[in-house]
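Asks: After the sequence you'll find the predicted model.
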Amino acid sequence: MASVAVQASVMLNTGEVVDLKTTLTEGTEGELQTSTDYAVSAVSIGQFADGKMITQILQPPTAPNGCSYAYIDRRGEILMVIPVAVAGVQNEAMPPCRNFTLQAGDTIRVMASTAASRLFSYNCITNQGVQAIFTGTPGGAANTSLTHIKSGQGLGASLTGQSIIQHFATSVDGSKLDSGGGVYLLNDKGLPVGGVAACNPIKLQTEKSMMGGAGIFLNFVARVTTNA
């Protein structure tokens, strides 16, 4: 796997802009730290901005072949999902989905994609403020059930009793996706009750959608269907 430069920048409530740049291995999740261009040393976002708040994402995490997903980690849990993009293809600055104060130990984690990666990433936010990322790698004409990147559990086991109010997905598969151009949320009878189309992170920055959310119960799954 190639080592590539991953970059991002965020604004804090103090008016500071934090420049982030780290060399990461494609296909392996890694930590994005502060750039030594504007800081004495490369450190975690929580150490650099302890007690401060992220108010805007000026540049989402970018890599040469795009990023599949990114998030802020706090003690092994997903604190906030972050939109991703490819360098030179991004939208205007985005606010985080909720305000929170950074703590020492908080880190930004990024999955930089390889050129051939088909990893599908589904990012969602619930009515209880829980944020989660589910992934899976389709192969050929098949159904792929996505699992949580932390627990390895499916959608229903992870979010039982909660409702998805915002979500977005990334995939390079495009026309190969038969599940509504992205992912369907299936109930315990195997019927679609929600879903969201996927964005190719190599061509466009992901954006959160409030359409297609659903209440989640046990045995619900996030399912991707591909035709090749």
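Replies: Thanks, I have the structure now.

Asks: any idea how far Thr107 is from the residue located most distally from the centre of the chain?
Replies: Distance from the C-alpha centroid of the chain, by CA atoms, centre = their mean, peaks at Val40 (28.6 Å). Counting by CB to CB, to the nearest Å, the gap from Val40 to Thr107 is 19 Å. C-beta coordinates here come from the backbone N, C-alpha and C atoms, glycine included.

Asks: host element of Ser151?
Replies: Counting by DSSP states H and E, there is no helix or strand that carries Ser151.

Asks: and it, how far is that from Ser121?
Replies: From Ser151 to Ser121 the distance is 16 Å (CB to CB).

Asks: Does the helix-or-strand element of the chain with minimal mean pLDDT pack against any helices or strands, and if so which?
Replies: One helix or strand of the chain scores below all others by mean pLDDT, DSSP states H and E: strand 54-62, with a mean of 92. The contact analysis (3 or more CB pairs under 8 Å, 6 or more residues apart in numbering; DSSP states H and E) places strand 54-62 against strand 3-12, strand 67-74, strand 77-82.

Asks: Now that strand: buried residues?
Replies: The neighbour-count check on strand 54-62 (16 or more other CB atoms under 10 Å) flags 54, 57, 59-62 as buried.

Asks: before we move on, back to that, Ser151 and Ser121 - which one has more neighbours?
Replies: A direct count of neighbours by other CB atoms under 10 Å for Ser151 and Ser121 places Ser121 higher, at 26 against 11.

Asks: The more buried one - that's part of a helix, no?
Replies: No: looking at Ser121 with DSSP: H, G, I helix; E, B strand; the rest coil, it is strand, so not inside a helix.

Asks: For the residue lying closest to it once chain neighbours are set aside, which residues are in contact?
Replies: Once flanking residues are discounted, Ser121 sits nearest to Tyr69: 4.2 Å by CB to CB, 6 or more residues apart in numbering. Shown in contact with Tyr69 (CB atoms under 8 Å, 6 or more residues apart in numbering): 81, 84, 110-111, 121, 123, 133, 135, 149, 170.

Asks: Then Val110?
Replies: Applying CB under 8 Å, 6+ apart, we find Val110 in contact with 6, 8, 24, 29-32, 61, 63, 67, 69-70, 84.

Asks: Could you pull out the helices in this protein for me?
Replies: 45-48, 155-159 (DSSP state H).

Asks: Show me which of the buried residues of strand 54-62 is closest to Ala2.
Replies: Of all the buried residues of strand 54-62, Thr62 has the smallest distance to Ala2: 15.2 Å, by CB to CB.

Asks: measure the residue minimising distance to the centre of the chain to Gly30 for me?
Replies: Centroid check for the chain by CA atoms, centre = their mean gives Tyr69 as the closest residue, at 3.4 Å. Look at Tyr69 and Gly30: by CB to CB, they are 12 Å apart.

Asks: next one: Thr126
Replies: 27 Å.

Asks: most packed of the helices and strands packed on strand 54-62?
Replies: Highest mean neighbour count of the helices and strands packed on strand 54-62: strand 67-74, a mean of 25 (counted as mean count of other CB atoms under 10 Å).
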